[in-house]
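*Asks:* quick check, what structure comes out for this input:
(chains A and B)
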Amino acid sequence: MQGRVSFRFLALALLAVAMAAAGAKAQDLKSFEQRITTKVLPNGLTLIICERPEAPVFSYTTFVDAGDVNDPTGESGLAHMFEHLAFKGTSEIGTTDYAAEKVALAKVEAANDAYEAEYLKAVGRDPRKLAELKKAFVEAQAEAHKYVIPNQFTDVAERNGAEGMNAETGLDETIYFWSMPENRLELWAWLESSRLVDTVPREFYKERDVVIEERRMRTDSNPEGRLFEQFLATAYVAHNYGRSGIGWPSEVGQINATEALEFHKKYYVGSNIVVAVVGDVKASEALPVLERYFSLVPGGPKPEEMTTVEPRQFAEKTVAIREATQPIYLEGYHRPDYRDPDDAVYDAISDILSNGRVSRMYRSLVRDQQIAAEAAGVSPYPGNKYPGLFVFYAVPLPGHTPMEMRDAIHKEIDKLKTADVTDNELAMYKTRTRADLLRGLANNQGLANDLAEYQTRYGDWRQLFLQLDRVDKVTKADIRRVASKVFVDSNRTEAWIETAQQSAAAPKDGGAQ
Amino acid sequence: MKKLEKIVLAGLMSIALGGCRQAMQQAPVPVAAPVTPAPPAPVAEVSAKPWEKIPIPKLHDFKPQQPKRIELKNGIVLFLEEDHELPFVSGSVLIPGGSRDEDPAKTGLVELYGDAWRTSGTANMDGDALDDLLEAKAAHIETAGDVDSTSLSWDSLKGDSDQVFSLALDLLLHPKFSAEKLQLAQQQAATNIVRRNDDENEIAGREATKLVYGANSPYTRQPELATIGAVTVDDLKAWHDRTLGGKLIVSVGGDFDPVAMEAKLRAAFEGLPPVTPAPARHDVFAGPKPGLSFIDKEDVNQSNVEIVGLGTDRRNPDVPAIAVMNEILGGGFASRLIQKVRTELGLAYAVGGGMSFAYDHPATFRVVVLTKSATTVDATKAALAEIDGLNSRPFTQVELDRAKDNILNSFLFRYDTREKVLAERVKLEFYGYPPDYLETYKAALEKVTLADLDRVAKQYIHPGKLAVLVVGNGPEIKPGLEELKLGPPQPIDITIPMPGKPGATEQK
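*Replies:* Residues are numbered from 1 along each chain as shown, chains lettered A, B, ... in the order given. Sure thing, here's the model as predicted:
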């Protein structure tokens, strides 16, 4: 489930409050500095509280600086699997008798290990023994299940008014979020801190099946899902951005609870977590409560950064899928990460090429040439923490081919290199970026996400506002320079679907049990 | 640092958990009879659990600010909702009449109209010039078509709001439909048509609704290349002229002076002729033919199972009880469907559903499960058993309390922003519901009893009248669908008709 909420222009509440607050417009950095309190706890965890008392509700985001890019080799999908586990309760919630359950869970793990060992034997696997081990594994799970109160964690949250409860695992990060009535703040702090600290591998193997169903839905059974997975796997040779985020079937199908808990131990430490709360909350009252609960998160060093850097691409690459679905074309160029001084230049290019009916790609491919239903160039994909891709794509009108899309996209790219964008285009980018930032400020959940993300990525939530300085500094020459540097043939990976009467191969479940 | 999640195709960039609600936002179903043990529900808590010891203070007082309603002499209704938090002003005009009212031979007309109205622009300024002007101000004016209405909306920074309102009004009163922009809209629509069989989710949702209402119902008939090709500029003009005489609802929200805004809206709308009431509709809703249907799709490894029937409308006094029943069947993580099919059996990531409500016609009853090909039969049986269980497995007090808590404790998220309050009032006005509908609805929810649940389950849940649709990879579905004992699976032909080539087929 995609969780990012995007109400468009929002608003608030109480007549009386509104009257009182009428003078204080919530629009600039200064007003936010007055309403935001941050505190780094001794364990390294950062709390951000933003007071926005428009209605008696609050939203929160827990931002963990670890995603599927951090999955160990052979364990793709692990971060996401752990995220699912974080909804399964703790030693206090979701169990009738944790002491007994703990023993039973250890037996589940041992049974799984025994089964896996036999299953993975390259030589001499004994089918009868395998069947016995499988049976033992299933029985161990049934035994552990006796102590489970299913979904009690989510049940308590929902009964207390949790709205929009969800989580997302990206390649770069994992976020958890929901909204609640303000009088449940302490209850929320208990729930959230408990699951960050005291995760229990409850119903792990059943949840793994759920995750594999999620993969079937998002990737295997969806033409675009299949295309994007192959595209990334081709564009990257070294960095984990090229690896399936939800996990290769053979790997996600064999992740075990021990691995998930090791991941938790390494990455769910205070220094790797930011928690932002936005809404009808008074920092003076809330901070001590939040401190009390979130201080329970273990300290420990910030996990070491990844050493792998994607090597420079020097050969153009292509992926062609021929199957019985409609055509689509995309191509990607490697670009630097978000800390690059040109980060805003990439945003400018994307805006000018893709934002709305004035954008170059719409006007060229859709309106004038009438070859595409949709066309855009966006970045970064699939993540921003590490060097990602600038991706162009186009959806052909009936009767038009991926190759026509490619040629038309290349013409637009050439224009960026050979001529400056207009003053109007550049001004439009800056105006729209500023307005979009403002529009986002009236949404508790969106704001909580943004504050937590900017605090994590820049070490300071103020960058949410200060980024406008970088936006203002973008020049026409910057755009030409960056386009000429990045959009070159040898830095490109192309991928497309072309329609064939029959699919070459229908996807099957890979090696999972 | 632009956010990925906001851009690009589909949900490819991040995987999320959560899940179950994604399949549907609707409400679920109820049950009645006594017999089997209750769901594996939390046993009565004897000693207080840690979370029960946490104090829950009284909620801060809160009374949502209602918009000011003004009914003009000609029948047009205005709503004004001030909101000075941010320097923006937004507004919309809601116009009765939508795709259910279009000529079946021109199905798709309203979609094309919603697109070409804005892109064509006005006699004073064509759509492209309008784009340039608005985007330079980070402002928007958009038009859209829906099943029962069309709309024009705008939003801008406060400083530009007078100009943007004038432009929006000009578009409302003096549109100039262009053949070129209609053609562009037709191309886009054609692209959607030829792609509509690529995604199995889309196929399942569409075909399941057709099973409920009938393929030719005004609520489900689908645009074809021939029907969108039959739409002309004159059709768009005629549609516009006809619907503009209906009861318009104009709503404005944001950072404006209420006196000046009211004067401006009056000046703009008071001069229009008296509104023509919409003619009453006489739709027939028979519900689906029970049985099993199947659509084979070779390039998937997961089946989409839809179990569907006829729902109800919001005027039905049983809606509060049905809503509680829905919550128990498929509402939250603790609901019977999720508890069983996802959590206990691990057969699905997406599972959920219930009986949904529309404001002026019966919506659908719909339960959806997505499961791997090999477990299609198991998952379908499990979901059917939960539906059946609404009439055989007694509702418990624990379930009732939980469902009420779930609904009532999050109820204020229906009006926690002024934008939501305004949108709700517009909706109630449009369908002719009282302005305090949410309050009375909430009060009724609070009063729902176990006896109510039993009664509505008996009255509305008829497993024998439901249709089951499976979209999936035929050869992979083992055991086969005959195991469901719902009769032989009836194939549904989803071939896309290609005009000029009778019998010719696009890919499935």
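*Asks:* pLDDT of stretch A:176-190, averaged?
*Replies:* Model confidence over stretch A:176-190, given as mean pLDDT, is 98.
*Asks:* cool, stretch A:283-303 as well?
*Replies:* In the prediction, stretch A:283-303 has an average pLDDT of 96.
*Asks:* kindly report the same for stretch B:139-159.
*Replies:* Averaging pLDDT along stretch B:139-159 yields 98.
*Asks:* and the most centrally placed residue in chain A, how close does it get to A:G74?
*Replies:* In chain A, the C-alpha nearest the mean C-alpha coordinate belongs to A:G170, at 2.6 Å (C-alpha atoms, centre = their mean). The gap separating A:G170 from A:G74 is 21 Å, by C-beta to C-beta, to the nearest Å. (Each C-beta comes from the backbone N, C-alpha and C, glycine too.)
*Asks:* tally of neighbours for the residue nearest to A:P223 when sequence neighbours are not counted?
*Replies:* Closest residue to A:P223 in three dimensions, ignoring its sequence neighbours and counting by C-beta to C-beta, 6 or more residues apart in numbering or on different chains: A:T325, at 4.3 Å. The number of residues packed near A:T325 is 23, by other C-beta atoms under 10 Å in any protein chain shown.
*Asks:* name the SS class of A:T325, please.
*Replies:* Taken by DSSP: H, G, I helix; E, B strand; the rest coil, the conformation at A:T325 corresponds to coil.
*Asks:* need the longest strand for chain A.
*Replies:* Secondary structure of chain A per DSSP state E: the longest strand is strand A:372-381.
*Asks:* what's the offset of that strand from the middle of its chain?
*Replies:* Remark: strand A:372-381 is offset 19 Å from the chain centroid, using C-alpha atoms, centre = their mean, to the nearest Å.
*Asks:* same thing with stretch B:139-146?
*Replies:* For stretch B:139-146, the separation from the chain centroid amounts to 18 Å (computed by C-alpha atoms, centre = their mean).
*Asks:* who's in contact with it?
*Replies:* B:98-99, B:110-115, B:117-118, B:130, B:134, B:150-157, B:160, B:164, B:167-168, B:171 (C-beta atoms under 8 Å, 6 or more residues apart in numbering or on different chains).
*Asks:* go again using 6 Å as the cut-off
*Replies:* When contacts are defined by C-beta atoms under 6 Å, 6 or more residues apart in numbering or on different chains, stretch B:139-146 is touched by residues B:98, B:110-111, B:113-114, B:117-118, B:151-156, B:160, B:164, B:168.
*Asks:* got it, and stretch A:171-188?
*Replies:* A:56-59, A:61-65, A:67-69, A:79, A:83, A:160-165, A:167-168, A:245, A:280, A:289, A:382-383, A:385, A:445, B:54, B:56-57, B:59.
*Asks:* which among those residues end up buried?
*Replies:* Applying 16 or more other C-beta atoms under 10 Å in any protein chain shown to the contacts of stretch A:171-188, the neighbour count classes A:56-59, A:61-65, A:67-69, A:79, A:83, A:160-165, A:167-168, A:245, A:280, A:289, A:382-383, A:385, A:445, B:54, B:59 as buried.
*Asks:* would you report which members of the residues you listed are assigned to strands?
*Replies:* Using DSSP E, the subset of the buried ones among the contacts of stretch A:171-188 located in strands is A:V57, A:F58, A:S59, A:T61, A:T62, A:F63, A:V64, A:E163, A:G164, A:M165, A:A167, A:E168.
*Asks:* quickly find the element holding whatever residue of the stretch 301-450 of chain A ends up closest to chain B.
*Replies:* Here the stretch 301-450 of chain A gets closest to chain B at one residue, A:A435, 3.5 Å apart by C-beta to the nearest C-beta. Counting by DSSP states H and E, the secondary-structure element that holds A:A435 is helix A:423-439.
*Asks:* which elements pack onto that helix?
*Replies:* Using 3 or more C-beta pairs under 6 Å, 6 or more residues apart in numbering or on different chains; DSSP states H and E as the contact criterion, the elements in contact with helix A:423-439 are helix A:343-354.
*Asks:* quick one: the next helix or strand after the helix it packs on to chain centroid distance?
*Replies:* Tracing the chain C-terminally past helix A:343-354 and defining elements by DSSP H and E, one meets helix A:360-361 next. Averaged C-alpha coordinates place helix A:360-361 at 28 Å from its chain's average position (C-alpha atoms, centre = their mean).
*Asks:* and the residue of the stretch 301-450 of chain A closest to chain B, how many residues sit next to it?
*Replies:* One way to gauge burial is a neighbour count; for A:A435, by other C-beta under 10 Å, it gives 18.
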